[in-house]
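**Student:** Next come a sequence and a model predicted from it.
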Amino acid sequence: MCMKRFLFFVFVVVIFFTTSVRAQTSPLPSSATVADSIIIYPNPCHGSITITVYGRVGETFTLSIYNSLGTEVFKSSNESITEIITNKKVEFLPFSTLRGIYCVHFVFTENDKKETVIKKVVVN
């Protein structure tokens, strides 16, 4: 009986350490895509949004927001990602009177490699 408890204890400790190490190295599951590393909230919004980028430390990104006519209404270049969780707040006040769907374009750059992610946000 004592041996079973000991083995169970070892099993629990191993599971705890493997999950805590995995959580520290990557906040996303291994099956996550590039688009899953970006969260925009609140959506729909009324005046501002917060963009959270998980992982991708050491990369830079350009953020562009386009209205439904394809006109660029906001641009932020060369934002550096220095932490595992990076937050950026964007104010929609200059154009928040124009309700509708906006496309948020992210272009991530690491060395010479570029990746583009497009998300949508609704302004009420």
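**Tutor:** Good, I have the coordinates.
**Student:** And the helices in this protein?
**Tutor:** Shown for the chain, the helices assigned by DSSP state H span residues 2-25.
**Student:** Stretch 61-78 - what's its average pLDDT?
**Tutor:** Confidence over stretch 61-78 (mean pLDDT, whole number) is 88.
**Student:** Identify the residue spatially nearest to Asn124, adjacent ones excluded.
**Tutor:** Residue nearest to Asn124 in three dimensions, not counting chain neighbours: Pro44, with 4.8 Å by Cβ to Cβ, 6 or more residues apart in numbering. (Each C-beta comes from the backbone N, C-alpha and C, glycine too.)
**Student:** Name whatever forms a beta bridge with His105.
**Tutor:** Ser64, Ile118 (DSSP bridges).
**Student:** Thought Lys120 was touching it, still the case?
**Tutor:** No. Counting by Cβ atoms under 8 Å, His105 sits too far from Lys120 to count as a contact (10.6 Å).
**Student:** what about the strands in this protein?
**Tutor:** Here the chain has its strands, by DSSP state E, at 38-41, 48-54, 60-66, 72-80, 85-91, 100-110, 113-123.
**Student:** which residues touch the residue nearest to Asn124?
**Tutor:** 121-124 (Cβ atoms under 8 Å, 6 or more residues apart in numbering).
**Student:** Please report phi then psi for it.
**Tutor:** Per-residue torsions, Pro44: phi -80, psi 160 (degrees, to the nearest 10).
**Student:** What pLDDT is listed against it?
**Tutor:** Model confidence at Pro44 (pLDDT) stands at 88.
**Student:** and what of the one 5 residues further on?
**Tutor:** According to the model's per-residue confidence, Ile49 sits at a pLDDT of 89.
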